[in-house]
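**Student:** Generate coordinates for the sequence data below:
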Amino acid sequence: MWIDDRKILGVIGGMGPLATQLFYKMVIEKTDAKCDQDHLNMIILGHATMPDRTKEILEGRSEELLQLLIKDAKMLEAGGAGVIAIPCNTSHVLLPRLQENVGIPIINMVEETVKHIAETFQGKELRVAVLATDGTVNTGLYQKALERAGITPVVP
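**Tutor:** Reported below is the predicted structural model:
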């Protein structure tokens, strides 16, 4: 859906609430806006009661988590979002399956981060530290994405 010829950004947030707040603040600060009306139209779903992503994934209960994410994404889609962002690294392990169940694109924060690093330091041999939750580290999300881009991941 479009408002004033602009897509609405849907955000599945609340996983933690401060990550969502920081994401929103960064979107505002990075938007080239001269007045309030120049900012992005957004629907932010603060799903704070979402089960702990690390615990669910590491204990083999990712299917329940996936179903909740699908429900949230479909709610944002039905509400008019044209694209979705999820400011939770760990939940990105479910992103391919989540994307299969939603008719609008979901921004892959992991891939976009690695793409930015690769483009910024193009042609240089890189070693990048992965500092994240146990869930994010144990799923290898960033390690695999960095390796695909020819960058050596380092987990302290």
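**Student:** got a list of what D32 touches?
**Tutor:** D38 (CB atoms under 8 Å, 6 or more residues apart in numbering). Placement of C-beta: from N, CA and C, glycine included.
**Student:** Can you tell me how far it is from G103?
**Tutor:** Relative to G103, D32 is positioned 29 Å away (CB to CB, to the nearest Å).
**Student:** Can you give me the neighbour number for M75?
**Tutor:** 15 (other CB atoms under 10 Å).
**Student:** before we move on, what about P153?
**Tutor:** Neighbours of P153 under the rule other CB under 10 Å: 19.
**Student:** so it sits in a strand?
**Tutor:** Yes - the assignment for P153 is a strand, going by DSSP: H, G, I helix; E, B strand; the rest coil.
**Student:** My guess is D134 contacts D52. True?
**Tutor:** No - using CB atoms under 8 Å, D134 makes no contact with D52, being 10.7 Å away.
**Student:** More neighbours: these two, which one.
**Tutor:** D52 (15 against 12).
**Student:** Output the longest helix anywhere in the chain as PDB, nothing but the C-alphas.
**Tutor:** Secondary structure of the chain per DSSP state H: the longest helix is helix 62-78. Coordinates of each C-alpha in helix 62-78 appear next as PDB, following Å, rounded to 0.1, in the frame of the first residue of the first chain:
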ATOM      1  CA  SER A  62      11.600 -22.500  16.100                       C
ATOM      2  CA  GLU A  63       8.400 -23.600  14.500                       C
ATOM      3  CA  GLU A  64       6.300 -21.800  17.100                       C
ATOM      4  CA  LEU A  65       8.400 -18.700  16.800                       C
ATOM      5  CA  LEU A  66       8.000 -18.800  13.000                       C
ATOM      6  CA  GLN A  67       4.200 -19.000  13.200                       C
ATOM      7  CA  LEU A  68       4.200 -15.900  15.500                       C
ATOM      8  CA  LEU A  69       6.400 -14.000  13.000                       C
ATOM      9  CA  ILE A  70       4.200 -15.000  10.100                       C
ATOM     10  CA  LYS A  71       1.100 -13.800  12.000                       C
ATOM     11  CA  ASP A  72       2.900 -10.500  12.700                       C
ATOM     12  CA  ALA A  73       4.100 -10.000   9.100                       C
ATOM     13  CA  LYS A  74       0.700 -10.800   7.700                       C
ATOM     14  CA  MET A  75      -0.800  -8.300  10.100                       C
ATOM     15  CA  LEU A  76       1.600  -5.600   8.900                       C
ATOM     16  CA  GLU A  77       0.900  -6.600   5.300                       C
ATOM     17  CA  ALA A  78      -2.900  -6.400   5.900                       C
END
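**Student:** Perfect, that will be all.
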